[in-house]
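A.B. asks: Provided below for reference: sequence and predicted model.
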Amino acid sequence: MKKQALLFTSLAIFCSVGNAESQAIYSNTKLHIPHLSYNGVMYDVIMTYKPTGELIVDSAKALSKTPSAPVVKVSSKLAFTLTDIDVAGENYRGDVSFVKGKFTSKEVGVATHGKMFKGDKIINLGILADKADSHAYSISENGEHIVGRSKNSNKKRVPVRFHPTEGDNGKFDALKGFGGGRAETRAVNNEGVMAGFDTLKTKTGKPRVYNAFYNDNESSTDIINIGTLGGIDARAYGLNNNGMIVGWSASKKDNSDHIAFSYDTKTKAMLALGGDILGGKRSFAFGINDSDQITGVATTKDGSALAFIYEAGLGTSLGSLDNSGYSEGRAINNKGQVTGWSLTKKGTYAAFIATKEKMEAIPSLGGDMKGYGINTHGHVVGSAKDSKGKSHAFLFKDGKVKSLYDLLPAADKENWAELREGYSISNDGVIVGRGRYWTNKTKKKHSSRAFRIKL
């Protein structure tokens with residue numbers, strides 16, 4: 001952040017110490033900190049900010065009473081840190097220190113603490129802990145709920161529920177998980193029911209064991225283990241508005257197979273769809289719509305692996321592009337349209353939209369392309385590589401493919417190095433996914449962040 005960027009009028013600055021926040025008012029070049037503690041005395045301080053980065057103390061009035069509000073503490077070396085500075089909708093962290101008879105400020109990077117950072121079209125959904133990352137995997141059809149994952153202060157990957165509509169100081173909840181530290185919340189419906197998977201806590205050196213879970217109470221961070229088909233592993237990827245979850249599980253105790261399943265959160269019943277959905281031995285389910293049509297990928301007798309639609313106990317192959325023998329169905333909308341990807345005769349992956357009748361490739365950006373989400377209008381989001389191998393989150397709409405990054409206003413592009421995956425899209429066009437967010441643009445440092453885009 002350039003120091004001159006602070007020279008805006010009527011800006012509110014939130015100076016955060018630890019988990020507390022103390023509001024200060026920034027007007028023209030004046031910084032007013034109402035509760036600043038130094039050497040055991042509380043002061044009301046007004047400072048003038050100079051373009052050179054100097055802060056001149058205009059006044060420092062001692063307070064007779066200790067306020068109940070959080071304070072900014074100044075060390076014995078006349079130094080303090082502002083860890084949540086809101087400047088023009090962006091969030092920064094800065095150090096202030098007394099050097100050679102003058103207070104000076106130094107920008108040290110973008111602040112974290114899980115705060116949501118708002119732009120014109122894009123929101124950085126934040127992270128749980130400093131130096132962590134985050135992904136947003138699913139947004140509900142009505143656009144009201146977003147879920148994904150982030151790392152906590154112990155560097156464990158935990159399932160999270162984002163709250164993107166609670167204003168600039170929005171938050172998200174970390175679910176409790178199973179203790180293994182490799183969790184992902186993969187799906188959410190219009191009621192806020194969530195589904196995903198996490199690893200169980202196992203001894204060091206032992207293989208990871210994944211179990212599927214759901215949460216059906218927005219006021220609780222507890223998750224419910226839905227069990228397995230008899231084996232060890234189970235993972236949940238899809239969820240509809242009827243409370244039906246789909247995924248895949250091992251049915252053998254040696255964990256040697258993979259069988260698609262559905263799970264009814266109302267009856268608590270898990271149903272094996274069968275490894276032989278398309279005549280082979282293995283199947284994986286990834287998406288389900290409100291008509292309980294399920295999509296995924298299953299093997300065939302000839303060894304192919306193909307996308308399918310499963311309903312009423314029967315699986316229908318969606319085929320593959322160029323009859324390559326490989327395709328995956330990853331999401332299905334309420335019209336029965338499926339998106340995913342297929343191998344082509346060129347040896348690359350192409351995103352597609354398919355029905356039971358036909359599969360059509362989505363135009364590429366020059367390289368591999370995968371479709372992850374589709375809404376009721378047939379708009380698809382996913383990840384694509386261009387001819388140079390660079391990854392782009394994309395939107396396919398009205399017959400055209402566009403990079404999400406290219407659709408952002410110039411001001412929003414300043415905060416992001418790139419947008420890599422679009423994972424899910426609501427019916428009103430809100431997109432969530434993952435990008436690379438500048439943590440220190442001057443030093444070319446960035447980190448993975450979950451995003452929400454409303455174009």
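C.D. replies: Ah, there it is.
A.B. asks: count of residues packed around the spatially closest residue to residue 241 that is not a sequence neighbour?
C.D. replies: Leaving aside its sequence neighbours, residue 241 sits nearest to residue 189 (C-beta to C-beta, 6 or more residues apart in numbering; 4.7 Å). From N, CA and C alone the C-beta is placed, and that goes for glycine too. By other C-beta atoms under 10 Å, the residues close to residue 189 number 23.
A.B. asks: so what pLDDT did residue 189 get?
C.D. replies: At residue 189, the predicted lDDT confidence score is 98.
A.B. asks: So in terms of bridging, what pairs with the spatially most central residue of the chain?
C.D. replies: Nearest to the geometric centre of the chain sits residue 136, at 1.9 Å (C-alpha atoms, centre = their mean). Here residue 136 sits in beta bridges with residue 148, going by DSSP bridges.
A.B. asks: Residue 331 too?
C.D. replies: Assessed by DSSP bridges, residue 331 has beta-bridge partners residue 339.
A.B. asks: picking up where we left off before, wait, doesn't the residue nearest to residue 241 sit right on residue 240?
C.D. replies: Yes: the pair residue 189 / residue 240 is scored as a contact, 6.3 Å apart, by C-beta atoms under 8 Å.
A.B. asks: Residue 412 is in what secondary structure piece?
C.D. replies: Assigned by DSSP states H and E, residue 412 belongs to helix 410-413.
A.B. asks: Can you tell me what sits against that helix?
C.D. replies: With C-beta atoms under 8 Å, 6 or more residues apart in numbering as the test, helix 410-413 has contacts from 119-122, 405.
A.B. asks: Apply 6 Å and report the result again.
C.D. replies: Helix 410-413 is contacted from outside by 119-122, using C-beta atoms under 6 Å, 6 or more residues apart in numbering.
A.B. asks: out of these, who has the most neighbours?
C.D. replies: Taking other C-beta under 10 Å as the neighbour criterion, residue 122 ranks highest of these with 27 neighbours.
A.B. asks: Quick one: residues contacting it.
C.D. replies: So residue 122 contacts 412, 451, 453 (C-beta under 6 Å, 6+ apart).
A.B. asks: Can you tell me which of those residues lies closest to residue 379?
C.D. replies: Ranked by distance to residue 379 (C-beta to C-beta), the contacts of residue 122 are led by residue 453 at 12.6 Å.
A.B. asks: Could you tell me the per-residue confidence at that closest one?
C.D. replies: pLDDT, residue 453: 95.
A.B. asks: tally of neighbours for it?
C.D. replies: 25.
A.B. asks: what do you get for residue 217?
C.D. replies: When neighbours are defined as other C-beta under 10 Å, residue 217 has 12 of them.
A.B. asks: The contacts of residue 122 into JSON lines, with extra columns for distance to residue 142?
C.D. replies: Shown next, in JSON lines, are these (distance: C-beta to C-beta, whole Å):
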{"residue": "412", "distance to residue 142": "24"}
{"residue": "451", "distance to residue 142": "19"}
{"residue": "453", "distance to residue 142": "17"}
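A.B. asks: Give me the pLDDT value at the closest residue to residue 79 other than its chain neighbours.
C.D. replies: Sequence neighbours aside, residue 97 is the residue nearest to residue 79 in space, at 4.2 Å (criterion: C-beta to C-beta, 6+ apart). We have a pLDDT of 78 for residue 97.
A.B. asks: same thing with residue 310?
C.D. replies: 98.
A.B. asks: what sits against it?
C.D. replies: Contacts of residue 310 (C-beta under 6 Å, 6+ apart): 273, 294.
A.B. asks: what is it paired to in the beta sheet?
C.D. replies: residue 294, residue 315.
A.B. asks: From residue 354, how far off is it?
C.D. replies: Note on residue 310: its distance to residue 354, by C-beta to C-beta, to the nearest Å, is 14 Å.
A.B. asks: and residue 325, backbone torsions?
C.D. replies: Backbone torsions of residue 325, given as degrees, to the nearest 10, read phi 90, psi 10.
A.B. asks: Quick check: it touching residue 304?
C.D. replies: Yes: counting by C-beta atoms under 6 Å, residue 304 is a contact partner of residue 325 at 3.9 Å.
A.B. asks: Between which two of the contacts of helix 410-413 is the distance greatest?
C.D. replies: 120 and 122 (7.6 Å).
A.B. asks: Quick check: residue 144 vs residue 163, distance?
C.D. replies: Separation of residue 144 from residue 163 (C-beta to C-beta) stands at 10 Å.
A.B. asks: for residue 172, that is, sorry about that
C.D. replies: Separation of residue 172 from residue 163 (C-beta to C-beta) stands at 6 Å.
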